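Peer 1: sequence plus the predicted model coming up.
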Amino acid sequence: MDIGDDEGSASAKKGADSGSSNKSNQPNPGVWKQILSPAPIPPARCSHTAVYYNHAIYVFGGELATAEKYHHYKDMWRFDIKTNLWTEIAPRGGHAPPSRSGHRCIVWRHYMILLGGFYEALRETRWYSDLWVYDFSTNSWTEMQYSKLATIPEARSAFNFCLSPSGDTAFVYGGYSKLKNPAPGSKSEAKIHNDCWALHLKGIASGRTPTWDRVSRRGEYPSIRSGTSCIPYKSRMLVFGGVADDEQEHHTIKSVFYDDLFAFDMDRRRWFKMGLKKSSQGGRRRKRKDNNGAEEDDLSRSDAIDKENEDDSGEDDGDDMASGVEGEATSSGWDLDMLRANMFAFIDGDGNVVYEKIEDDADADADADADDNESSDSREHKKKRGDEKDHEGEDAIPSNSNATPSDHANNKSKMDVDETEAKVGVQSTKDETVQTLLPRGAVGTSEVMAINTSSGAPEAVARETPLPRIHASVVVRGSNLYVYGGLLVVGDREVTLDDCWSIDLNKREKWLCIWPGSMHNQVWRGVAEDDESYISTGIDESDDDDDENDWMLAEAISEEDGEDGDAAADGKEKRKKKKEKTRDKINRLREEYSLDDLERTPEMGETMADFYSRTATYWASEVVKVAQATTDGGNATVNASAELSAKELRARGFDLARERYEELKPVLDSLMDLEAHQKEKKQKKKESKDGKSSKKSKKKDRK
C-alpha cells in the first residue's frame, strides 16, 4: 500500500473513533470488520491512492491488472465514513490528471497534492513527474506548471511522499522508473531512485507554484531499494522494508528483500536506522530532568534525542543520531537462496504439497557415505543452532567459575537440544515422521514454516520479527507502528503476506506478532510439471476424481471424461458412480437453496453490491411484505410502504440481500473456485512457460 493509503487508513481510524458518539458502533479492538456498501462502488483496482479529509476517504486512479485485462483509472471516489456510502466525484470543468497508477497523494490544509506515477499501454509506457493540486473546497484540479529550466525530481512511481507535521514542507524519497535509452553495455533498463527532495507548499495558498530543493543524504541512510512503505511519525518519516533488484541478462532478476526500519528526521534532514534496542536490565531506566525539574524517562523521549546532543549509550538508544553515524547502513536482506530455504513448501492448484528443491552438497555426501537415519531438516536445524550458539559466545555458557570445559560442553549441548525441541516442536520420533513425508532434496522446517506431522501440509512457525517484504501497509497509532501484509517473491512464485505486527517506537525492544497470517496455506497455480527446481508430492491427474473435498467435482469429471480414454474400465465405472452421486447432491442443494431463483441468487463472481443493485426492486418488495405482516389487520399495504422512506427501504432491502448473499456464499465460492481451477489447469503449462509474462507481472507489482 502506498503512502496515500497509509495516511488515509491512519486518519480514517482516528476520524471514526472521534466522529461518532455511539459506542455500540465502535469496532472491537483487534478485530477485523468488513464494510459492505451498496452500489455504486469503485471498480476493483490496485496501486491507487487513498487519503483522509473531513470524515471521508478520497480514492484516485490505480490499475486493474489480471491475466485478461490491464487498465489504468483516472476516476475519483469519495467514501463517507459516517454512512459507509461511495460517491464518484466529477471535478469542476472536467480538468483532471491523466490515467495512472503508482502515484502518491498527501493532504495539506484543504488541498490534495498528487505527484508522479506511471501509465502503461500496449506500445507505450510513461512515467510522470507532474504535480497536481485538488482543492476540496472548490472540487477542482490545478496542474502546477514548471519551466524547462526548473530543478524538479525525475519522473518516477512507487516513491515515498510524506508531509512534515511541523511545517508546510513535504518530502519525496526514492522511487522506480525505466530508462528509455539504457547506457551502452548496461544489462538493466530499470532505475531505482535513492534521492530525496523537499517540496515547499506554502505558495499554493496564494496561487503560486510550489518550489523544490534537493536534500543531501546525511546520517545512516538505507541502501538503494524500491517497494518501501512509509508513514509520518512526529517529525520523522518512517521507511520500512523494500527490495533491491539486480537485473541480469535476458531480463532475469536477482532480488534481496529487506525487513529493516529507518527514520528520516524531516526537521534536521538526517537519516538514522531504527534497530531494536536491548531490553533494559532489571527495570533500570536512566532519568533526566526537563526544564521544569521533572524527571523524564529515556524510553519515552526518542524525539528529544534528535534535538539535543546529550549522549546516551548506543546500548539503550538505537537512533545513533548523537553518535554521528554517516553513510549507507548495513542491511542483511534475504536473497533467493534464503527465501527458498525458508519458504520451502507451498500448495499447488491440484492440492499437492510442492517443495523447493534445496541442494546441500554436504548432506548429499553424508547420505552417500553412511545411512545415519538423520532427517535433513534436523541436520539443517542443528547446523543453524550451532552457528547461532557460536556467535553467542560466553552468554550461552552458565557463569560457573568452577565448571570444566567438558561441563560447559555438556551444558551447551543440553541447552541446544532443549531449545531445538521447544522451537521446532517435534521430538526425535517426530523428526522421523516428518522425514517420511519429505521427498529427497526437500527441507522440512525453517524459521518461517514447518511440515505438520499429521497432515503433511506446511504450517506457520512462531517468529520474533516480521518477514522481509515490499508494499506493506503501515500505520501509526499513539507510539505504536503497525505493519500489515505486503508481497514477497520467491523465484517465480509470488507470496502475498497477510500477517500483522506492531512495535513500540519509544521502547523498540521487540516486535509483537498480532496475527501470524495464512501465507503457508496459499495456493500457487503457476507450477510447471517439468520445472526441476520444485519437488511435488502430487499424484496422477486421474486420481483427482477421488477428491472428497469439493462436492462440485462432477462438472470437472464431465469435462475430463474425454481425457481418460485409455483408463481402465473399473476406473471409468468408479468415475461414473462418483459423477452421479455428486450430481444428486448438487440437485438437492439447488432445490434446498432455490438456486434457480435468479432474483434471490447471486450470479457467478457477482459481488454483494452488484447483487443488490441487480435485485434491489425485489428486496424492496420483500421489505414491504415484512412491514405488512407486522401491521394490524394485514391490509395496510399503502400505509406500510408510506411509513418507510426510500432510505429505509434501501437500507432494509440491502440487509435482506446481504443475509441471502452470505447464506449462499460457500456454495457459490465452490462453483467459482472449480471454474478457476479448471481454467488454470488447462492453461497452466502455457502460462508457466511464458517467462516474459511472469517477469512483467512481477515488475508491475513492484511499481
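Peer 2: Looks like it came in fine. Residues are numbered from 1 along each chain as shown.
Peer 1: CA atoms for contacts and neighbours, from now on please.
Peer 2: OK.
Peer 1: in stretch 159-177, which residues are buried?
Peer 2: When neighbours are counted by 16 or more other Cα atoms under 10 Å, the buried residues of stretch 159-177 are found to be 159-165, 169-177.
Peer 1: I meant stretch 131-145, not that one.
Peer 2: Neighbour-count burial for stretch 131-145 flags 131-136, 140-141 (criterion: 16+ other Cα under 10 Å).
Peer 1: what do you get for stretch 603-617?
Peer 2: Buried positions in stretch 603-617, judged by neighbour count with 16+ other Cα under 10 Å: 608-612, 615-616.
Peer 1: mind listing which of those residues are in helices?
Peer 2: 608-612, 615-616 (DSSP state H).
Peer 1: just to revisit the earlier point, can you pick out the most distant pair from the buried residues of stretch 159-177?
Peer 2: Pro165 and Ser177 (28.6 Å; Cα to Cα).
Peer 1: pLDDT weak spots in the stretch 451-600 of the chain?
Peer 2: Filtered on pLDDT under 70, the stretch 451-600 of the chain yields the residue ranges 526-531, 538-579, 581-583, 585-586.
Peer 1: quick one, helices of it?
Peer 2: Using DSSP state H, counting those that start in this stretch, the helices assigned to the stretch 451-600 of the chain run over residues 553-560, 569-593.
Peer 1: now swap in the chain and tell me
Peer 2: 3-18, 302-305, 336-342, 361-369, 376-392, 405-424, 428-437, 553-560, 569-593, 608-630, 637-643, 646-689, 691-702.
Peer 1: helices and strands around the third one, which ones?
Peer 2: Same thing as helix 336-342. strand 253-257, strand 480-490 (3 or more Cα pairs under 8 Å, 6 or more residues apart in numbering; DSSP states H and E).
Peer 1: can those go into CSV with extra columns for distance to Arg588?
Peer 2: Formatted as CSV, the helices and strands packed on helix 336-342 follow (distance: least, Cα to Cα, whole Å):
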stretch, distance to Arg588
strand 253-257, 51
strand 480-490, 40
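Peer 1: now the ones you listed as a markdown table including mean neighbour count and distance to Ser455?
Peer 2: Compiled in a markdown table, the helices and strands packed on helix 336-342 are given as follows (neighbours: other Cα atoms under 10 Å; distance: least, Cα to Cα, whole Å):
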| stretch | mean neighbour count | distance to Ser455 |
| --- | --- | --- |
| strand 253-257 | 19 | 31 |
| strand 480-490 | 20 | 24 |
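Peer 1: compare those and give me the one nearest Ile503.
Peer 2: For those, proximity to Ile503 was assessed by Cα to Cα; strand 480-490 is nearest, at 5.4 Å.
Peer 1: tell me what the closest one is packed against?
Peer 2: helix 336-342, strand 473-477, strand 493-504.
Peer 1: strand partners (parallel or antiparallel) of the last one?
Peer 2: What that stands for is strand 493-504. strand 480-490 (antiparallel), strand 511-515 (antiparallel) (DSSP bridges).
Peer 1: using CSV, write down the CA coordinates of that strand.
Peer 2: Output for strand 493-504, consisting of C-alpha atoms alone and laid out as CSV, is shown next (Å, rounded to 0.1, in the frame of the first residue of the first chain):
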residue,chain,number,x,y,z
ARG,A,493,6.4,-17.5,-7.0
GLU,A,494,4.7,-14.5,-5.5
VAL,A,495,3.7,-14.8,-1.9
THR,A,496,1.0,-12.4,-0.7
LEU,A,497,1.5,-11.8,3.1
ASP,A,498,-1.4,-11.2,5.5
ASP,A,499,0.4,-11.1,8.8
CYS,A,500,0.2,-8.2,11.2
TRP,A,501,2.9,-6.8,13.5
SER,A,502,3.4,-3.9,15.9
ILE,A,503,6.3,-2.3,17.6
ASP,A,504,6.5,0.4,20.3
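Peer 1: pull out the buried residues from that strand.
Peer 2: Judged by neighbour count using 16+ other Cα under 10 Å, the buried positions of strand 493-504 are 494-504.
Peer 1: just the residues contacting that strand, thanks.
Peer 2: Counting by Cα atoms under 8 Å, 6 or more residues apart in numbering, strand 493-504 makes contact with 466, 479-489, 510-519, 522, 524, 526, 698, all of which sit outside it.
Peer 1: hmm, try it at 7 Å
Peer 2: Here strand 493-504 makes contact (Cα atoms under 7 Å, 6 or more residues apart in numbering) with 466, 479-489, 510-519.
Peer 1: and the angle from it to strand 473-477?
Peer 2: Using axes from the mean of the first three to the mean of the last three Cα atoms, to 10 degrees, the direction of strand 493-504 lies 10 degrees away from that of strand 473-477.
Peer 1: out of the helices and strands packed on helix 336-342, which gets nearest to Glu659?
Peer 2: Once Cα to Cα is applied to these, the stretch that comes out nearest is strand 480-490, at 29.4 Å.
Peer 1: quick check: angle from the closest one to strand 253-257?
Peer 2: When the same axes, to 10 degrees is applied, the directions of strand 480-490 and strand 253-257 differ by 160 degrees.
Peer 1: may I have strand 480-490 as PDB, with CA atoms only?
Peer 2: The C-alpha coordinates for strand 480-490 follow below in PDB (Å, rounded to 0.1, in the frame of the first residue of the first chain):
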ATOM      1  CA  ASN A 480       2.900   2.000  18.000                       C
ATOM      2  CA  LEU A 481       3.800   1.300  14.400                       C
ATOM      3  CA  TYR A 482       1.600  -1.400  12.800                       C
ATOM      4  CA  VAL A 483       2.800  -3.400   9.700                       C
ATOM      5  CA  TYR A 484       0.300  -5.400   7.700                       C
ATOM      6  CA  GLY A 485       0.700  -7.600   4.700                       C
ATOM      7  CA  GLY A 486       2.900  -7.000   1.700                       C
ATOM      8  CA  LEU A 487       4.500  -9.100  -1.100                       C
ATOM      9  CA  LEU A 488       7.400 -11.500  -1.100                       C
ATOM     10  CA  VAL A 489       8.800 -13.000  -4.400                       C
ATOM     11  CA  VAL A 490      10.500 -16.400  -4.200                       C
END
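Peer 1: just the residues contacting it, thanks.
Peer 2: Outside of strand 480-490, the residues that reach it under the criterion Cα under 7 Å, 6+ apart are 336, 339-340, 469-476, 494-505.
Peer 1: what are the bridge partners for Leu497, then?
Peer 2: Gly486.
Peer 1: which pair of the buried residues of stretch 131-145 spans the longest distance?
Peer 2: Taking Cα to Cα as the measure, the buried residues of stretch 131-145 span a maximum distance of 16.3 Å, between Leu131 and Phe136.
Peer 1: buried sites along stretch 446-457?
Peer 2: Counting neighbours by 16+ other Cα under 10 Å, one finds that the buried residues in stretch 446-457 are 446-453, 456-457.
Peer 1: just checking, which of these belong to strands?
Peer 2: For these, membership in strands holds for 449-451, with DSSP state E as the criterion.
Peer 1: between these, which is closest to Lys647?
Peer 2: Set against Lys647, the nearest of these by Cα to Cα is Met449 (50.1 Å).
Peer 1: who's in contact with that closest one?
Peer 2: Neighbouring residues of Met449 by Cα under 7 Å, 6+ apart: 343, 458-461.
Peer 1: pull out the buried residues from stretch 262-274.
Peer 2: Counting neighbours by 16+ other Cα under 10 Å, stretch 262-274 gives 262-266, 269-274 as buried.
Peer 1: right, I'll leave it there.
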